[in-house]
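Visitor: give the three-dimensional model of this entry:
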Amino acid sequence: MAGEKKKLWDIEIPLLRQKFQGIATSPDALVGKMMKLDMTRMLKGKNIDAAFTIVKRNDKLEADFYSITLLAGYIKRMMRKSITWIEDSFVCSAKDTRMQIKPFMITKKRVHRSVRTELRNRAKEAITEFVKEKDAQQVFDAIIHQDLQKDISSKLKKVYPLALCEIRICKIVK
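Guide: Numbering: from 1, shown residues only. Have a look, this model is predicted:
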């Protein structure tokens, strides 16, 4: 082990259709490792950090999403006076694993607690309904491409119009 030369190995992220490189003595040394990536430029200014786990499939290294985190700076830029923000945290089951999801919503004006509770409950229903039909990688793909957020926002519009509807954190729970 001592004195072995480290090399760069290509790691493919299928959902993003991109390749990155990891440094190790062999490809097997990278399997099971975590990799973090700032996705701000890929998503045109939406500050997201993603964590990946590296797996070996068909003699190639691939990275599967482990978690997505919306950074606090993005949320602070969206905050305004006389608005209400709503957040929640719950664990729901996808087809292949359990996921912890934390939605974050901002209303256009200040609202009562009963409206906040109704928005929180309906968001939880919509997310669990969406997630239980898909596997984890499809859920991460839907979050990146804003499909889940649009679905939630259109369902919650009937309760109260939202200025922002995002998934603040989504991660796989062991």
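Visitor: note down every partner strand of the host helix or strand of residue 100 and its orientation.
Guide: With elements delineated by DSSP states H and E, residue 100 resides in strand 98-107, which encompasses its position. Partner strands for strand 98-107, per DSSP bridges, with pairing direction: strand 85-87 (antiparallel), strand 90-93 (antiparallel), strand 162-173 (antiparallel).
Visitor: so which of the ones you listed is nearest residue 29?
Guide: Nearest of those to residue 29, taken as C-beta to C-beta: strand 162-173 at 22.5 Å. C-betas here are computed from N, CA, C, even on glycine.
Visitor: now the closest one, how far from the chain's geometric center?
Guide: The gap between where strand 162-173 is centred and where its chain is centred comes out at 7 Å by C-alpha atoms, centre = their mean, to the nearest Å.
Visitor: how is the protein divided into domains?
Guide: The chain breaks down into these domains under automatic domain parsing: 9-70, 79-173.
Visitor: out of those, deepest packed?
Guide: For the domains of the chain, the stretch with the most neighbours on average is domain 79-173, a mean of 16; neighbours defined as mean count of other C-beta atoms under 10 Å.
Visitor: all helices for this structure, in order.
Guide: Remark: helices of the chain, listed N- to C-terminal, are 27-30, 72-78, 113-131, 136-144, 147-156; assignment by DSSP state H.
Visitor: of all the ones you listed, which one is nearest residue 39?
Guide: Set against residue 39 and scored by C-beta to C-beta, the helices of the chain come closest in helix 136-144, at 7.6 Å.
Visitor: quick one: the closest one to chain centroid distance?
Guide: The chain centroid and the centroid of helix 136-144 are separated by 7 Å under C-alpha atoms, centre = their mean.
Visitor: tell me what it is packed against?
Guide: Applying 3 or more C-beta pairs under 8 Å, 6 or more residues apart in numbering; DSSP states H and E, one finds that helix 136-144 makes contact with strand 60-70, helix 113-131, helix 147-156, strand 162-173.
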